[in-house]
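Chemist: Just need the structure, nothing else, for what follows:
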Amino acid sequence: MATNLWYHLERDFWTSIAVEMNPRCILFVAARAARITPLRSRTLHVEASKSSIMDAIAKEKVLVFSKTHCPYCARVKSTLEIIGAKYQVVELDTRDDGTQIQSLLLDLTGQRTVPNIFIGGKHIGGCDDIIALHAKSELSSMLQS
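Modeler: Numbering: from 1, shown residues only. As a prediction, this is how the structure comes out:
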């Protein structure tokens, strides 16, 4: 029953109730919804090669390397959903070469953990970095530039 409710919630609904809810509560509820039905993401196929990963980073406006059961990844995706960002995601735990891609990301960024986020071809970091940018109202402007 709850799954059906989450599935049918629209972004406008979240906007209308966001004023009355605690921001942490919004992120928690939206994270649950994002696990069920991401609205603005699409899964991107990337080959497990440094050049393929670098091409995807350069090509995509917002690229999130993630794992499906990671709560930090869910929080990042829900934050992007809340602000209306379109983003691409590479779910490393659903791929046979996910560990190889994660090792290549370590070489490229110095960060092995997920989420590993890129905006406009620039490495942003992980969950704490996105949440901090959002709290300072800098994330939306980064996405528009």
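
Chemist: so F118 makes contact with D55?
Modeler: No. If you go by Cβ atoms under 8 Å, F118 and D55 don't touch, sitting 11.9 Å apart. The way it works is simple: take the backbone N, C-alpha and C, and place the C-beta from them, glycine included.

Chemist: With neighbour numbers in mind, choose between those two.
Modeler: The neighbour count for F118 versus D55, taken as other Cβ atoms under 10 Å, is higher for F118 (24 against 13).

Chemist: Give me the three-state assignment for the more buried one.
Modeler: With DSSP: H, G, I helix; E, B strand; the rest coil as the basis, F118 sits in strand.

Chemist: Return the distance of it relative to S141.
Modeler: 17 Å (Cβ to Cβ, to the nearest Å).

Chemist: Could you do A74 as well?
Modeler: 24 Å.

Chemist: Check the most centrally placed residue in the chain and give its pLDDT.
Modeler: The centre of the chain sits closest to K77, judged by Cα atoms, centre = their mean, with a distance of 3.4 Å. Predicted confidence (pLDDT) for K77: 96.

Chemist: out of A74 and S141, which sits in the more crowded spot?
Modeler: A74 (24 against 10).

Chemist: all helices of the protein, in order?
Modeler: Assigned by DSSP state H, the chain shows helices spanning 2-8, 11-18, 23-36, 50-59, 71-82, 98-109, 127-135, 139-144.
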